[in-house]
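K.L.:
can you look at this prediction? I've put the sequence above it.
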Amino acid sequence: MSAAPGAATPRLSRFRRIMIKVGSSLLVDPAHGAVKRDWLATLADDVAALHRDGADVLIVSSGAIALGRSVLGLAPGPLKLEDSQAAAAVGQIALARTWSEALGGRRLSAGQILITFADTEERRRYLNARATIERLIDLRAVPVINENDSVATAEIRYGDNDRLAARVATMASADLLILLSDVAGLYTAPPADDPYAELIPVVAKITPEIEAMAGGAGSGLSRGGMRTKIEAAKIATTGGTHMAIADGRVPHPVSRIRDGAPCTWFLTGSNPITARKKWIAGSLEARGALTIDAGALSAIQSGKSLLPAGVKKVEGNFARGDCVLIRDERGIEIGRGLVNYDAEDAVKIAGRNSRDIEAVLGTPGRAAILHRDDMVLKGD
Ligand code: GLU
């Protein structure tokens with residue numbers, strides 16, 4: 001099996017961008033439908049400590065439905081879709097205020113992002129959601145993310161925040177995702193059924209045996225059981241993000257991981273940028289091409305984004321988010337990337353300074369036509 005009991009667990013201090021997913025049952029007291037404020041204060045202290053040490057921190061927080069259902073007086077038990085959407089609409093307001101106050105009390109700004117499935121799966125929208133998250137992080141704010149449950153319908157929703165967190169973590173190039181949960185990690189068998197079940201400290205590869213250890217669904221308030229956590233681990237590690245499942249029921253749950261509390265690590269040999277580049281290089285059909293001048297060529301070869309000023313020719317009928325080829329002045333393909341503009345707009349801004357984009361297109365746009373993280377050059 002690929003559980004590696006003897007393998008070293010990584011130190012928290014090595015991670016630069018950490019996403020922390022908080023489950024509903026940790027944040028909301030099921031008896032009263034109220035936020036567990038004392039516990040949240042300890043988590044907010046942990047977030048502030050990571051942030052102070054220079055890490056970027058992102059939160060994925062569940063709890064909208066759990067908070068809203070108590071406000072609306074909905075009966076316990078599974079909710080119909082309309083009821084969970086109504087509960088989310090009410091509860092998300094309380095949830096956002098809760099985070100804003102908890103982080104604000106530690107001089108951190110919280111920025112709410114509500115995500116739907118399409119925001120992570122359609123390349124065009126993916127670029128938008130990622131750019132907003134990136135900008136918040138640049139401004140040293142803490143993105144607080146949840147699924148946009150009040151508009152997401154059954155076929156087009158994640159439904160659980162474990163997988164959503166994993167997808168957004170890879171999209172935001174987080175190097176670590178911590179799933180705070182109501183169990184301490186993955187056990188060799190569900191611990192409630194088997195007194196001899198042992199915690200697995202490191203999973204180097206998710207094998208069918210590992211999946212078999214996950215057992216069934218989760219607790220009353222949370223959607224995700226161990227099975228969705230393993231699914232999340234697959235998404236995260238394939239996308240180059242390490243993941244940990246750790247006990248969130250304790251005060252200071254993140255500092256405890258730093259201090260060596262038992263948890264389960266899912267490690268990856270990749271990182272988010274390399275994983276994304278592999279995906280761009282391997283699996284996308286190009287819809288057009290940008291021919292660039294020598295100055296732009298040396299800029300992108302030294303790791304910079306491609307600006308419209310260096311584009312000499314635009315070919316093809318592509319949409320924002322599509323894959324396009326990059327060619328040098330001799331017409332030789334030197335790489336490919338996800339383009340930030342539709343073909344029609346790309347033609348208009350080609351050769352122009354990024355400062356002129358607003359004047360040319362009538363709306364402000366991104367400075368780069370291809371962002372360096374969305375570009376892969378031959379020989380990369
Ligand atoms: N997005 C849901 C909420 O905020 C939670 C989903 C989950 O429990 O994973 O209530």
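P.N.:
That came through, no problem.
K.L.:
distance of Ile357 from Gly316?
P.N.:
From Ile357 across to Gly316, the span is 20 Å (Cβ to Cβ, to the nearest Å). In short, each C-beta sits where N, CA and C put it, glycine included.
K.L.:
more neighbours: which of these two?
P.N.:
A direct count of neighbours by other Cβ atoms under 10 Å for Ile357 and Gly316 places Ile357 higher, at 22 against 15.
K.L.:
surely that one and Pro364 touch.
P.N.:
Yes. Between Ile357 and Pro364 there is a contact under Cβ atoms under 8 Å: 6.7 Å.
K.L.:
contacts for stretch 90-100?
P.N.:
Residues from elsewhere that reach stretch 90-100 (Cβ atoms under 8 Å, 6 or more residues apart in numbering): 27, 35, 40, 59, 61, 63-69, 71-72, 110, 112, 114, 144, 146, 149-150.
K.L.:
can you list the buried residues in that stretch?
P.N.:
Val90, Gly91, Gln92, Ala94, Leu95, Ala96, Thr98, Trp99, Ser100 (16 or more other Cβ atoms under 10 Å).
K.L.:
do stretch 144-161 as well
P.N.:
Within stretch 144-161, the residues that qualify as buried by neighbour count (16+ other Cβ under 10 Å) are 144-150, 152, 157-161.
K.L.:
among those, which are in strands?
P.N.:
Here DSSP state E is the test, and those give Val144, Ile145, Asn146, Glu147 as lying in strands.
K.L.:
can I get the buried residues of stretch 90-100 in JSON lines including distance to the ligand?
P.N.:
Output for these, formatted as JSON lines (distance: Cβ to the nearest ligand atom, whole Å):
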{"residue": "Val90", "distance to the ligand": "11"}
{"residue": "Gly91", "distance to the ligand": "7"}
{"residue": "Gln92", "distance to the ligand": "7"}
{"residue": "Ala94", "distance to the ligand": "11"}
{"residue": "Leu95", "distance to the ligand": "7"}
{"residue": "Ala96", "distance to the ligand": "11"}
{"residue": "Thr98", "distance to the ligand": "12"}
{"residue": "Trp99", "distance to the ligand": "12"}
{"residue": "Ser100", "distance to the ligand": "16"}
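K.L.:
turn these into TSV, including secondary structure, pLDDT and distance to Ile210.
P.N.:
Converted to TSV, these look like this (DSSP: H, G, I helix; E, B strand; the rest coil; pLDDT from 0 to 100; distance: Cβ to Cβ, whole Å):
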residue	secondary structure	pLDDT	distance to Ile210
Val90	helix	96	38
Gly91	helix	96	34
Gln92	helix	97	34
Ala94	helix	96	37
Leu95	helix	97	32
Ala96	helix	97	36
Thr98	helix	97	35
Trp99	helix	98	33
Ser100	helix	98	38
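K.L.:
wait, Met375 touches Ile326, no?
P.N.:
Yes. The pair Met375 / Ile326 is scored as a contact, 7.2 Å apart, by Cβ under 8 Å.
K.L.:
okay, and the common contacts of these two?
P.N.:
What both Met375 and Ile326 touch, as defined by Cβ under 8 Å, 6+ apart, is the set Ile300, Leu306, Gly335, Arg336, Gly337.
K.L.:
how close does the residue lying closest to the second one once chain neighbours are set aside sit to the ligand?
P.N.:
Sequence neighbours aside, Leu370 is the residue nearest to Leu306 in space, at 4.1 Å (criterion: Cβ to Cβ, 6 or more residues apart in numbering). Distance of Leu370 to the ligand, computed by Cβ to the nearest ligand atom, to the nearest Å: 33 Å.
K.L.:
tell me the bridge partners for Leu370.
P.N.:
Beta-bridge partners recorded for Leu370 (DSSP bridges): Leu306, Val339.
K.L.:
and the end-to-end length of stretch 326-338?
P.N.:
One end of stretch 326-338 to the other measures 10 Å (Cα to Cα, to the nearest Å).
K.L.:
meant to ask about stretch 19-26
P.N.:
16 Å.
K.L.:
in it, which residues are buried?
P.N.:
In stretch 19-26, counting by 16+ other Cβ under 10 Å, buried: Met19, Ile20, Lys21, Val22, Gly23, Ser24, Ser25, Leu26.
K.L.:
can you tell me if it touches the ligand.
P.N.:
Yes. Judged by Cβ under 6 Å from any ligand atom, stretch 19-26 and the ligand are in contact via Ser24.
K.L.:
which positions in the stretch 1-150 of the chain make contact with the ligand?
P.N.:
Within the stretch 1-150 of the chain, the positions near the ligand by Cβ under 6 Å from any ligand atom are Ser24, Ser62, Gly63, Ala64, Ile65, Ala66, Ala88, Asn146, Glu147, Asp149.
K.L.:
strands along the stretch 251-380 of the chain, start to end?
P.N.:
For the stretch 251-380 of the chain, applying DSSP state E, counting those that start in this stretch gives strands covering 264-266, 286-292, 311-316, 323-327, 333-339, 370-377.
K.L.:
and the last one, what does it pack onto?
P.N.:
Contact here means 3 or more Cβ pairs under 8 Å, 6 or more residues apart in numbering; DSSP states H and E; on that basis strand 370-377 packs against helix 272-283, helix 294-301, strand 323-327, strand 333-339.
K.L.:
put the alpha carbons of it into CSV.
P.N.:
Only the C-alpha atoms of strand 370-377 are listed here, as CSV (Å, rounded to 0.1, in the frame of the first residue of the first chain):
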residue,chain,number,x,y,z
LEU,A,370,-1.0,35.7,-21.7
HIS,A,371,-0.1,35.4,-18.1
ARG,A,372,3.2,33.7,-17.3
ASP,A,373,1.5,31.0,-15.1
ASP,A,374,-0.8,30.2,-18.0
MET,A,375,2.0,29.8,-20.6
VAL,A,376,4.3,26.9,-21.4
LEU,A,377,7.3,27.3,-23.5
